[in-house]
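Colleague: what's the 3D shape of this:
(chains A and B)
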Amino acid sequence: MNKKQLISAMAVLGLAMTMAAGCGSNNGSNEGTAATSGNTPDNGAATAAADNAATTNAATTNAAASEEPAAPKIAGKIVFTTNRTDLVDTELKSYAAKFHEKYPDATVEIEAIKDYDQTTKIRMASNELADISLIPGTVKNSDLPTFYQPLDDLGLNDRIYFKDNRSQDGKLYGISSGSAAMGVTFNKKAFAQAGIAEAPKTLDEFYADAEKLKAAGIIPLATNFKDKWPLYGWDQEAFIFADDPTLHNTMATQDEPFAVDGPHWQAFSILKKMVDGGYVEKDLMSTNWEGSKKDVASGKIAMFLLGNWVVPQVVDNGAAAEDVGFFPLPLDNSGEAKVVLASDYYYGIDKNSENPETAKAFLKFLIEESGYDDYAGFIPVLKDKKPKLAQLNEFMATNPKVIEMSAENDDYLAIANKMQFDTSAFAQDAITGKDMKTVFETYNKKWKDAKASLGK
Amino acid sequence: MFAMSYKIQRYVILIAFLALPLLLLAVFSFYPALYLAWLSLTSWDGYSPKKAWIGFGNYKEIFTNADMFKVLSHNFVYFMGGIVQNLAALSFAVLLNSRLRGRNAFRVLLFLPYIMNSVAIAYMFTYVYDAQNGSLNALLTSVGLQSWIRSWLGDAAIVNYSLAFISAWKFMGFNMVIYLGALQSIPGDLYEAAKIDGAGPFKSFLCITWPSVIKIVELSMLLTVSGALEVFDLPFVMTKGGPAGSSQTFVTQTVETAFNFSNYGLASAMGMVLLLIVVLVIFVQRKLLLRGED
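Modeller: As a prediction, the model looks like this:
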């Protein structure tokens, strides 16, 4: 090899090196979309410093008066991660802007993550949790102190619902972002078209209405079977059948929780009857979640069984707000309305946050001022705040019996993870299996084995 | 540095060229594999800082739980699809290696699916297979075969065949190109001599073509087997393992174990078991295919 070849070889090598380096530097950037509002943190800090210098003398006299509880400075940059990829560039961005207006020294970066729970758990494992984030549902309460800060000093303890759900050792680690009632969201026009005057109050009326809708060429109920998660409501309805807000935790004390005619059996029987009667989408494996919202909005499909958070989303997809109604799924023929409330994600603050005070201020802002709960159609977590969603108020005005779902305890999560229990997959199995009894027997056996192997 | 002897220069170049790929391999392949092996001996839940050592507990669980291996029957469907795919690829390769008008256009057409993104293909086929508005059922209706209409992804008995067909369709072109390469390396005078000696096309395929491509067939089968064992993207995107788990594969099950059920330890052990299965199958296959050779 002559010198020329050597030089060209080294040049190629150098090029390869720079390319590899290019790859490396890209690794650090986030996969999610990020929206920063207001100044960059550097600018904010610089202006803050300038302000301080200019007003030091003036401020010293006033400081004692204005900062009575010795409030630490709300400044610096914090990151908030959310699952709402659809809102990150619109609604959520405006919250960050408002917060920046209120505390000019602080900036909030909002990052939306697809596959939220999985990604967040990976970040937890690598100590890269955002300052303020939503706590993934499968994180055990006993792990909360390892990752999150206690939030008792926010002064919200006595004013919020679901306080005990994400508490550990008497300290509060997670505050609910709002809750939703489980019920049937329906298109009033589709009901009118099928000649149905008002929402069904008994189970028999519900089936009769489904028949009428089917006869009118409207798909009565969207199951969204293929996407699996939209079936979670049927597990929640089982809580009402059991009349037990801690049904899952009760299951953790039983060897065979899935009895014939037990709570899950009764709830899934209604779904099975709907499927067998042809009152759902024609091909369960071709269902499409995003499409179903449009279909309910346009009246092609009449109903959903989901949390009331879906109401604003149906309106977003083109329905007039007054055409969308909400009623509790009638579970028997007594005519008594019963409803289960479940909390959405809980906010938590990273234990290692660099600006914990700013993060706490933003959390408080989200809960008290942002109006996110109203926007998302949630029932606010603050006890003294009334929900804004008209459908929900209409529904609550009927004074239904309310069951507030409590959090799943560590025993339940351990058994469920061990046997790979997914409530929505259970519903899928129950309605596609030839015989529901065999499916329930299999689940009982798996549950028993999982429980035994954990020694519980 | 230009005063180096030829020998040293050679080493410098060799090391310089090998260092980068080896480094990448070590960082992104060997280290994760070793870490996986270590994780498979723990009961890690995927996020907490403590990784409790439980020895071979995860492996014991895998081999005592019959459900774990039940899904391999779904993978087997993909393997059968892979064999059909290889036969089709070889036929097309032989056909397109002959003097055929427009053969380059055909080669491109058949190869195209391979360069398309898997997820895009999966989305495309959800429309083809859609039971109500899908193009496949529309086609069957228009040619009067209404009785053949099925819910291609909704019927537990056929969902795996529907999915296996897609993967065969996608990878057929790739196999064909490999076979074409092998075929073109066979000297043409062999065929001429055979023709003069009176061999028909079938005889010359059996005695000239087949022995020349057998090594490539082995390679293709190797890729097919490991591909069939590692199917993930199609069921993950198109059916989420449904209906009711009937299109789960070993890898989708592993992913669920890790991410949905917070059991990284067990999932890592499943990954290791899959690795062992692939190695074992390849070993057996080599023994079977290469009998009498070294």
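Colleague: contacts and neighbour counts: CA atoms only from here.
Modeller: Noted.
Colleague: For the stretch 151-294 of chain B, which residues are neighbours of chain A?
Modeller: Residues of the stretch 151-294 of chain B lying near chain A by Cα under 8 Å from any Cα of the partner chain: B:151, B:153-154, B:239-240, B:242-244, B:257, B:259-263.
Colleague: May I ask which of the residues you listed has the most neighbours?
Modeller: The most crowded member of these, judged by other Cα atoms under 10 Å in any protein chain shown, is B:L153 (28 neighbours).
Colleague: picking up where we left off before, out of the residues of the stretch 151-294 of chain B next to chain A, which one has the lowest pLDDT?
Modeller: Lowest pLDDT of those: B:G242, 71.
Colleague: Quick check: that residue touching B:Q248?
Modeller: Yes - shown here, B:G242 and B:Q248 form a contact pair, counting by Cα atoms under 8 Å, at 6.9 Å.
Colleague: Can you get me a residue count around B:L34?
Modeller: 11.
Colleague: so which helix or strand takes in it?
Modeller: Following DSSP states H and E, one finds B:L34 within helix B:31-39.
Colleague: Outside of that helix itself, list whatever touches it.
Modeller: Outside helix B:31-39, the residues that touch it by Cα atoms under 8 Å, 6 or more residues apart in numbering or on different chains are B:K51, B:Y264, B:G265, B:S268, B:A269, B:G271, B:M272.
Colleague: now do 10 Å
Modeller: Residues from elsewhere that reach helix B:31-39 (Cα atoms under 10 Å, 6 or more residues apart in numbering or on different chains): B:25-27, B:30, B:40, B:51-55, B:264-269, B:271-272.
Colleague: Buried ones among those?
Modeller: B:S40, B:K51, B:Y264, B:G265, B:L266, B:A267, B:S268, B:A269, B:G271, B:M272 (16 or more other Cα atoms under 10 Å in any protein chain shown).
Colleague: can you tell me which of those lies nearest to chain A?
Modeller: B:L266 (9.8 Å; Cα to the nearest Cα).
Colleague: quick one: contacts for A:T250?
Modeller: A:T250 touches A:D244, A:P257, A:E408, A:N409, A:D411, A:Y412, counting by Cα under 10 Å, 6+ apart.
Colleague: Count the residues that sit near the second one.
Modeller: Yep, that's A:P257 we're talking about. With other Cα under 10 Å as criterion, A:P257 counts 21.
Colleague: Where does it sit: helix, strand or coil?
Modeller: Look at A:P257: counting by DSSP: H, G, I helix; E, B strand; the rest coil, its state is coil.
Colleague: Would you mind listing the residues in contact with whichever residue of chain A sits closest to chain B?
Modeller: Of all residues in chain A, A:A125 sits closest to chain B, at 4.1 Å by Cα to the nearest Cα. Taking Cα under 10 Å, 6+ apart, we find A:A125 in contact with A:F147, B:D45, B:G46, B:Y47, B:S48, B:P49, B:K50.
Colleague: From what I see, the last one and B:W44 are in contact.
Modeller: Same thing as B:K50. Yes - assessed by Cα atoms under 10 Å, B:K50 is found in contact with B:W44 at 7.1 Å.
Colleague: In this model A:T138 seems to touch A:L144, though I could be wrong.
Modeller: No - using Cα under 10 Å, A:L144 is not in contact with A:T138; the gap is 11.2 Å.
Colleague: So for the two, which sits in the more crowded spot?
Modeller: A:L144 (22 against 18).
Colleague: Excluding chain neighbours, what is closest to that one?
Modeller: The shortest distance from A:L144 to any non-neighbouring residue, by Cα to Cα, 6 or more residues apart in numbering or on different chains, is to A:Y173 (6.7 Å).
Colleague: separation between that neighbour and A:S133?
Modeller: As judged by Cα to Cα, to the nearest Å, A:Y173 and A:S133 stand 12 Å apart.
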